[in-house]
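Participant: okay, here's the prediction I keep looking at, along with the sequence it came from:
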Amino acid sequence: MSQFATTTFKVTPEEEELFSTLRRVVKEENLGTVIRVAGGWVRDRLLGYEGKNDIDLALDNMLGTELADALVAWNDKQGLPTLHYHVVQLNPEKSKHLETATMKLGKFDVDFVNLRSESYSEDSRIPSMKFGTPLEDALRRDLTINSLFYNINTQSVEDITGKGVQDLRDGVIRTPLPAMQTLMDDPLRAFRAVRFASRFHFHIDPDLRDAIRHPDVLSKLQHKVSRERISQEVIQMLSHPVSSTEAAILLYEMKLLPLVLTTPFNEVDNIVIPVDRQFSTGMKSSETCVNTDLLTPSLYHIKGLNLYLVMKLFLRQQSGADNSSHSRLVYGNDWESLETNAVLRYAALMDHGRDVVYRFLLQQKKKPTYRPMPLTYFICMHQLFIGKKSGDTVCLLQQGADILHKQLKSVDPQIPMENGTVADGGFVIPSFGPFDRVSLGLRLRDWGTQFPSILLLACSKISLEAFERQVEESAIVRDLVTTRAADLSPHTAAQHLVQAFLQHRLQAFGPKKGMQLHSDTEDVFVSTAIREANVLTSWLSQCIVTGATKGGLVLDAISALALEGEWQRPLLLSGKELKHEVLSRIPNGPIFTQVMAQQTKFELCYPHRSKAEVIDYLKSQYPDFV
């Protein structure tokens, strides 16, 4: 229940100045219209939030451009600086269903539009428009909490649906009209419902929950709504530093996560699963496999969600750890910077796509041309549209975490690591435990400032893997499979139980008002997670300690091998010096890259060698280019 909702609020002096000016314009220009503030500004003010400078004005009997013209003319009569406005044209693909006049007034960005009613055809989410009454305008909106008006003329809140204010008080997300009707008119509202529920920590009304998960709504979302519009909603949710966890859980529960973090549903034939991953995904052995079951919410996306939730709990548990190897894992970062890293969040949630190849169709002529790319990269670029830089970083985090995870998987933290050496192609390389200075140094240089995020992701994977294994082998899961989930394998049952428990556990760390447990309480996994919470909490805590301890071994190796800040260390010989002063005959291209890599390896192997010794080494190795 919201503790902030009220039917009255005090406008700020700047807002009062704006509203007073608008009232004067209506009166002195004889416009005979009622001006209402609509939507988010009213909702946020009733919840006690200030600082929103976007104000949407709804007019009952004139177009937005007509009021904007009247405001400009009135302003000129007062001898004030000339006002200007521009018109945002009709653009249904960007959810601009009506021409809108927009103007900067003081610190406010003000949109002018008329009250309207909408009607939809069966095969489109783009409505036809006409002038409407306040009730028609309120009923056409996505949610009751967004259907409230502030009447500037009477200076009062209008809850025309009779539900908006009460839903703010009760913390409920519901639609003004029957939920199926509202979502079938515009299925994108399903994502908006999740966004506002997670942002305000509200419950989604049961009828709306059922409607969001209805096959007809999900089908319309797949086929009638552009990926760009969906991605805008999802990015707003997953980028939020506080409510992103709740958003991710809700997206999964509402069956919306697979609509974003997967391939287009008509292109599953372009999925290639590498042989070395087929066993873990339960696929039959063949070199190129397609299994559409992997693209369903049942197991495919729950792995990424579980990793993300464990990562959140890992951070929370380790932020309170003592000054041991566990709490060193931030490695120069503060906990908050890692917890609010949106790219790291994407890397965890898209863990299912880290080593899946997607064949992207470049052109379709006589012969189709495909470009293989990691599924993760495809999702970043063509589903989320977060850009090449972010897409590259997400892939870097996943690849780096996989490397550390595999290296640490078999390490026993109880066995002390010792200094040593390994031989490699004539080099005698310093080592510490399973880490040698060259391999670890090269990786640190590749990972750069992303190393703390990579280490956190790797430790979280280790913790989750250990926890899932312990749960799967437990009597708890055996009882579930035997009595109440007989249609599932122990592995699948364990995955769902882990997800239900992680969500339950995160409530203890939720925001001030409390992150709500959205799953139906009669769900067998939720009820089991709650009943066995003490045991599962103890297991998870120990698994996180194991992951943190193994992560601490990487930091021990970095210290023992004197690799702190390695990614910031410039080479003794720059590329320009190498080409013009040392190997003047070396060609550009792969050979030049190879020589620079060999120099890096030499400097990592022998960190105390001088620049002159590096030059002598390169000349001895590449005499043809001297």
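Facilitator: Sure thing, it's come through. Numbers count the residues shown, from 1 in each chain.

Participant: can you pull the contacts of Leu536?
Facilitator: If you count contacts by CB atoms under 8 Å, 6 or more residues apart in numbering, Leu536 has them with Val471, Ile476, Phe501, Arg505, Ala529. C-betas here are computed from N, CA, C, even on glycine.

Participant: and which of the residues you listed is nearest Gln414?
Facilitator: The closest of the contacts of Leu536 to Gln414 turns out to be Val471 (CB to CB; 23.0 Å).

Participant: secondary structure element holding the closest one?
Facilitator: Counting by DSSP states H and E, the secondary-structure element that holds Val471 is helix 451-472.

Participant: buried residues, that helix. List them.
Facilitator: Along helix 451-472, the positions that meet the burial threshold by neighbour count (16 or more other CB atoms under 10 Å) are 451-468, 470-472.

Participant: ok, stretch 134-150 next?
Facilitator: When neighbours are counted by 16+ other CB under 10 Å, the buried residues of stretch 134-150 are found to be 134, 137-150.

Participant: still on that earlier bit, could you dump the contacts of Leu536 into CSV with distance to Leu257 and pLDDT added?
Facilitator: Formatted as CSV, the entries for those read as follows, by distance: CB to CB, whole Å; pLDDT from 0 to 100:
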residue, distance to Leu257, pLDDT
Val471, 22, 95
Ile476, 26, 93
Phe501, 19, 93
Arg505, 20, 86
Ala529, 20, 91
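
Participant: for those, pick the one with the most neighbours.
Facilitator: For the contacts of Leu536, the largest number of neighbours (other CB atoms under 10 Å) sits with Phe501, at 27 neighbours.

Participant: is that one in a helix, a strand, or coil?
Facilitator: Classification of Phe501 by DSSP: H, G, I helix; E, B strand; the rest coil places it in helix.

Participant: isn't it up against Asn534?
Facilitator: No. Using CB atoms under 8 Å, Phe501 is not in contact with Asn534; the gap is 11.0 Å.

Participant: ok so, going back, looking at the contacts of Leu536, which two lie furthest apart in space?
Facilitator: Using CB to CB, the pair of the contacts of Leu536 lying farthest apart is Ile476 and Arg505, separated by 15.1 Å.

Participant: need the contact list for the most centrally placed residue in the chain.
Facilitator: Nearest to the centroid of the C-alpha atoms of the chain, with distances taken as CA atoms, centre = their mean, sits Leu238, at 3.2 Å. Applying CB under 8 Å, 6+ apart, one finds that Leu238 lies in contact with Ser244, Ala247, Ala248, Ala342, Arg345, Tyr346, Leu349.

Participant: which of those lies closest to Leu555?
Facilitator: Each of the contacts of Leu238 was scored against Leu555 by CB to CB, and Arg345 proved nearest at 23.1 Å.

Participant: state the distance from that closest one to Ile454.
Facilitator: In this structure, Arg345 lies at 14 Å from Ile454, with CB to CB, to the nearest Å as the measure.

Participant: swap in Gly387?
Facilitator: 20 Å.

Participant: which one of the buried residues of stretch 134-150 sits closest to Phe360?
Facilitator: Closest approach between the buried residues of stretch 134-150 and Phe360, by CB to CB: Asp142, at 33.5 Å.

Participant: number of nearby residues for the residue lying closest to the closest one once chain neighbours are set aside?
Facilitator: In space, not counting the residues next to it along the chain, Asp142 is nearest to Arg189; the distance is 4.3 Å by CB to CB, 6 or more residues apart in numbering. Applying other CB under 10 Å, we find 23 residues neighbouring Arg189.

Participant: looking at it, Arg189 is touching Asn146, isn't it?
Facilitator: No. Between Arg189 and Asn146 there is no contact, the gap being 10.0 Å when judged by CB under 8 Å.

Participant: any idea which helix or strand carries Trp539?
Facilitator: Trp539 belongs to helix 533-560 when assigned by DSSP H and E.

Participant: where does the stretch 301-450 of the chain have low pLDDT?
Facilitator: Applying pLDDT under 70 to the stretch 301-450 of the chain flags the ranges 320-336, 363-366.

Participant: how far away from the center of its chain is the helix holding Trp539?
Facilitator: Put simply, helix 533-560 sits 25 Å off its chain's centre (CA atoms, centre = their mean, to the nearest Å).

Participant: that helix to helix 451-472, inter-axis angle?
Facilitator: For the pair helix 533-560 and helix 451-472, the angle between their directions (axes from the mean of the first three to the mean of the last three CA atoms, to 10 degrees) equals 140 degrees.

Participant: and the next helix or strand past helix 533-560?
Facilitator: Following helix 533-560 in sequence order, the next helix or strand is helix 575-577 (DSSP H and E).

Participant: give me the buried positions along whichever helix or strand comes after that following helix.
Facilitator: From helix 575-577 onward toward the C-terminus, using DSSP H and E, the following helix or strand is helix 590-605. When neighbours are counted by 16+ other CB under 10 Å, the buried residues of helix 590-605 are found to be Phe592, Val595, Met596, Gln599, Lys601, Phe602, Glu603, Leu604, Cys605.

Participant: cool, stretch 526-537 as well?
Facilitator: By neighbour count, with 16+ other CB under 10 Å as the criterion, the buried positions of stretch 526-537 are Val526, Thr528, Ala529, Glu532, Leu536.

Participant: and for stretch 582-590?
Facilitator: Along stretch 582-590, these residues count as buried under the neighbour rule (16+ other CB under 10 Å): Val582, Leu583, Ile586.

Participant: hey, where'd the helices end up in the stretch 101-250 of the chain?
Facilitator: 134-139, 164-170, 179-185, 189-200, 206-212, 215-224, 227-238, 244-253 (DSSP state H, counting those that start in this stretch).

Participant: can you redo those helices as CSV with mean pLDDT?
Facilitator: Compiled in CSV, these are given as follows (pLDDT from 0 to 100):
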stretch, mean pLDDT
helix 134-139, 91
helix 164-170, 94
helix 179-185, 94
helix 189-200, 95
helix 206-212, 96
helix 215-224, 90
helix 227-238, 92
helix 244-253, 91
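
Participant: Leu305: which of these is closest?
Facilitator: Closest to Leu305 of the helices of the stretch 101-250 of the chain, according to CB to CB: helix 244-253, at 5.2 Å.

Participant: relative to helix 189-200, how tilted is the closest one?
Facilitator: In this structure, helix 244-253 runs at an angle of 150 degrees to helix 189-200, with the same axes, to 10 degrees as the basis.

Participant: how far off centre is helix 244-253?
Facilitator: On the basis of CA atoms, centre = their mean, helix 244-253 sits 10 Å off its chain's mean C-alpha point.

Participant: my read: Ile145 touches Asp170, true?
Facilitator: No. Because the distance of 10.3 Å does not satisfy CB under 8 Å, Ile145 is recorded as not touching Asp170.

Participant: can you list residues touching both of the two?
Facilitator: Both Ile145 and Asp170 lack any common contacting residue under the criterion CB under 8 Å, 6+ apart.

Participant: let's see stretch 440-457 as CSV, backbone CA atoms only.
Facilitator: The C-alpha trace of stretch 440-457 is given here as CSV (Å, rounded to 0.1, in the frame of the first residue of the first chain):
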residue,chain,number,x,y,z
LEU,A,440,46.5,-13.3,-16.6
GLY,A,441,48.2,-10.1,-17.7
LEU,A,442,47.0,-10.3,-21.3
ARG,A,443,43.5,-10.8,-20.0
LEU,A,444,43.7,-7.9,-17.7
ARG,A,445,44.9,-5.7,-20.5
ASP,A,446,41.9,-6.9,-22.7
TRP,A,447,39.4,-6.4,-19.9
GLY,A,448,40.6,-3.0,-18.7
THR,A,449,38.3,-1.2,-16.4
GLN,A,450,35.7,-3.9,-16.9
PHE,A,451,37.7,-6.3,-14.8
PRO,A,452,35.7,-5.7,-11.5
SER,A,453,32.4,-6.4,-13.3
ILE,A,454,33.9,-9.6,-14.9
LEU,A,455,35.2,-10.8,-11.6
LEU,A,456,31.8,-10.2,-9.9
LEU,A,457,30.0,-12.0,-12.7
